[in-house]
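Chemist: Got a sequence here, can you model it:
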Amino acid sequence: MSSKNKKRKLSYSLAINEALHQMMSKDKSVFLIGQGVKSPWYVGNTTRGLIAKFGENRVIDTPVSENAITGAAVGAAIAGMRSIVVHPRLDFMIYGFDPIINQAANWYYMNGGKASVPVVIWGIINRGGEQGAQHSQALHAMFAHVPGLKVVMPATPYDAKGLMIAAIEDNNPVVFIDDRWLYSLEEAVPRERYSISIGKGVIRRKGTDLTIAAISYMAHEACKAGEELEKLGISAEIIDLRSVKPLDKEIILDSVQKTGRLIVADVGWKTGGISAEIAALVAESPIVLKSPIKRITLPDIPAPANGNLEKCYYPNKNDIIIEAQKLLRNKK
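Modeler: Got it, this is the predicted structure:
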C-alpha cells in the first residue's frame, strides 16, 4: 500500500475536514458558507484550516440569518457553483425551509431535469449537555418526507468522509446530518479521496436471531448491545443505515427475512419518524415475523434541560438489550 493510500486514524470531525479540503482542492466551484466556519470549536474542527488555504471568498463566515444563508447557497448552486451550507444547530435549519423545500428540492423536477441544484445542506445535531428543547432536535424525518431531497446520516469517520464527498459530487440537493456526539470517535480512514454510494446501508455485525436497524449515533449503541447480547446467547445482526432517504430497503428486508425479528433504533422521535417508515416497510412485505417489531426512539416529548432527566430521555445500548431479550424470550 502506497503512503498516499495508507490508512491512519482520524476522528469523525477531522474526517469531514479532510473531505472538505480534498473537494475544495479538486473543484474550484465548491465553497462553504455558514455560521462559525472561522471558529475551530463552533463546528467541531470540521472546518479547521479551510480559510487559511482557500480564503474568505470560498469559506464564508456569516451573520446569524439561516434563511438568507441557505437561500444564498441554493441560488449559487442554481447558478453553477457547488455549495455547502453548514448549520451548527440543526434546529435552526427550520428557518431555511423555503429555499430547501420549495426551491432546491423541486428545481430539477420543475425544470424537466434540465437544471440541477448541487447543494449540500449540512446540519449538526447537538444533543445532551443540558442544552434543552430548542437546541437538541434530530429533524431528519422532516427532510426525508420531502421528494427531491436525499438525507444521509453517517455514524463513523470513514462514512463521514465518503458520504460528504458523495454529497458534494451529487448534482442535486443532499441533506447531510451528523451528530456532535460522534465527533471524537476515531477509526482508520484512507488518505485518498473516495465516496460512498448514497442510499446503501452496511451490516456492522452479522447475526441470526434478530435484526437491529440503526441510524447515526444509535448504530454505535446497537453494536455495543450486539456484543453484550452475544454473551447472553443472542445473535444480533446490526445494520447501520447510513442513509434515510433513499432507504436501503433491500438490506433491511434481506436481514429480517433471515432473522424474523426487527428492532429499529433511531435518534429521533417515534411518531411519524423514520422508525415508523422502516416498520411499515417490513409490515408491507410478505415476511412472516416471529415477534412484533420494536422501535427504540426518543419519547414524544421535547428534550429536557437537566442532566439527570437526559439520562432517561436518550436511549442507549441498555434499552436495545432489554427489548432484544423480550423479543427472544420465546425463541423457538
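Chemist: can you give me the helices in the chain?
Modeler: With DSSP state H, the ranges of helices along the chain come out as 12-26, 50-54, 66-78, 97, 105-110, 140-144, 157-169, 217-231, 249-259, 274-283, 307-313, 317-327.
Chemist: For residue 212, see how far away the nearest residue in space to residue 119 that is not next to it in sequence is.
Modeler: Nearest in space to residue 119, with sequence neighbours left out and distances taken as CB to CB, 6 or more residues apart in numbering, is residue 77 at 4.0 Å. Bear in mind the C-beta positions are built from the backbone N, C-alpha and C, glycine included. For residue 77, the distance to residue 212 equals 37 Å [CB to CB, to the nearest Å].
Chemist: Neighbour count for these two, which is higher?
Modeler: When neighbours are counted by other CB atoms under 10 Å, residue 77 and residue 212 differ, and residue 212 comes out ahead with 32 against 25.
Chemist: Pretty sure that one sits against residue 222.
Modeler: Yes - between residue 212 and residue 222 there is a contact under CB atoms under 8 Å: 4.6 Å.
Chemist: what touches both of the two?
Modeler: Common contact partners of residue 212 and residue 222 (CB atoms under 8 Å, 6 or more residues apart in numbering): 236, 238, 265, 320.
Chemist: Throw those into CSV and include distance to residue 45, thanks.
Modeler: As requested, the shared contacts of residue 212 and residue 222 are exported to CSV (distance: CB to CB, whole Å):
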residue, distance to residue 45
236, 33
238, 28
265, 27
320, 30
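Chemist: Out of these, the closest to residue 9 would be?
Modeler: Checking the shared contacts of residue 212 and residue 222 against residue 9 with CB to CB, the nearest one is residue 238 at 21.9 Å.
Chemist: show me what contacts the closest one?
Modeler: Residues near residue 238 by CB under 8 Å, 6+ apart: 203-205, 207, 212, 214, 219, 222-223, 226.
Chemist: what sits against residue 107?
Modeler: Counting by CB under 8 Å, 6+ apart, residue 107 makes contact with 78, 115-117, 148.
Chemist: out of these, which are buried?
Modeler: Buried members of the contacts of residue 107, scored by 16 or more other CB atoms under 10 Å, are 78, 116-117, 148.
Chemist: In contact with residue 309, which residues?
Modeler: With contact set as CB under 8 Å, 6+ apart, residue 309 has no partners.
Chemist: Correct me if wrong: residue 60 contacts residue 35.
Modeler: No - look at residue 60 against residue 35 with CB under 8 Å: they stay out of range, at 10.2 Å.
Chemist: Tell me which of the helices of the chain sits most buried.
Modeler: Using mean count of other CB atoms under 10 Å, the stretch among those with the largest mean neighbour count is helix 157-169, at a mean of 25.
Chemist: Who are the packing partners of it?
Modeler: strand 7-11, helix 12-26, strand 119-125, strand 150-152, strand 174-179, strand 186-190 (3 or more CB pairs under 8 Å, 6 or more residues apart in numbering; DSSP states H and E).
Chemist: Not counting its own residues, what contacts that helix?
Modeler: Around helix 157-169, the neighbours that count as contacts under CB under 8 Å, 6+ apart are 10-12, 14-16, 18-20, 22-23, 27, 30, 82, 84, 118, 120, 150, 152, 154, 174, 176, 178, 182, 185-190, 193-198, 202, 240, 242-243.
Chemist: Dig out what residue 295 forms beta bridges with.
Modeler: Following DSSP bridges, residue 295 is listed with bridge partners residue 264.
Chemist: how near is it to residue 272?
Modeler: The gap separating residue 295 from residue 272 is 12 Å, by CB to CB.
Chemist: Please say which of the two ends up with more neighbours.
Modeler: Using other CB under 10 Å as the criterion, residue 295 and residue 272 rank with residue 295 on top: 17 against 13.
Chemist: so which of the helices and strands packed on helix 157-169 gets nearest residue 303?
Modeler: Closest among the helices and strands packed on helix 157-169, using CB to CB: strand 119-125, at 10.7 Å.
Chemist: Show me what the closest one is packed up against.
Modeler: helix 66-78, strand 82-87, helix 157-169, strand 174-179.
Chemist: how about those in TSV, adding mean pLDDT?
Modeler: As requested, these are exported to TSV (pLDDT from 0 to 100):
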stretch	mean pLDDT
helix 66-78	96
strand 82-87	97
helix 157-169	98
strand 174-179	96
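Chemist: OK, contacts around residue 253?
Modeler: Taking CB under 8 Å, 6+ apart as the criterion, residue 253 is in contact with 281-282, 285, 287.
Chemist: distance between the lowest-mean-pLDDT helix or strand in the chain and the chain's centre?
Modeler: The helix or strand of the chain with the poorest confidence is strand 7-11; it has a mean of 90 (mean pLDDT, DSSP states H and E). Strand 7-11 has its average C-alpha position 20 Å from the chain's average C-alpha position, going by CA atoms, centre = their mean, to the nearest Å.
Chemist: Sort out which residues of that strand are buried, please.
Modeler: Across strand 7-11, burial judged by 16+ other CB under 10 Å covers 10-11.
Chemist: Pass me the low-pLDDT residue ranges in the stretch 1-150 of the chain, would you?
Modeler: 1-5, 40 (pLDDT under 70).
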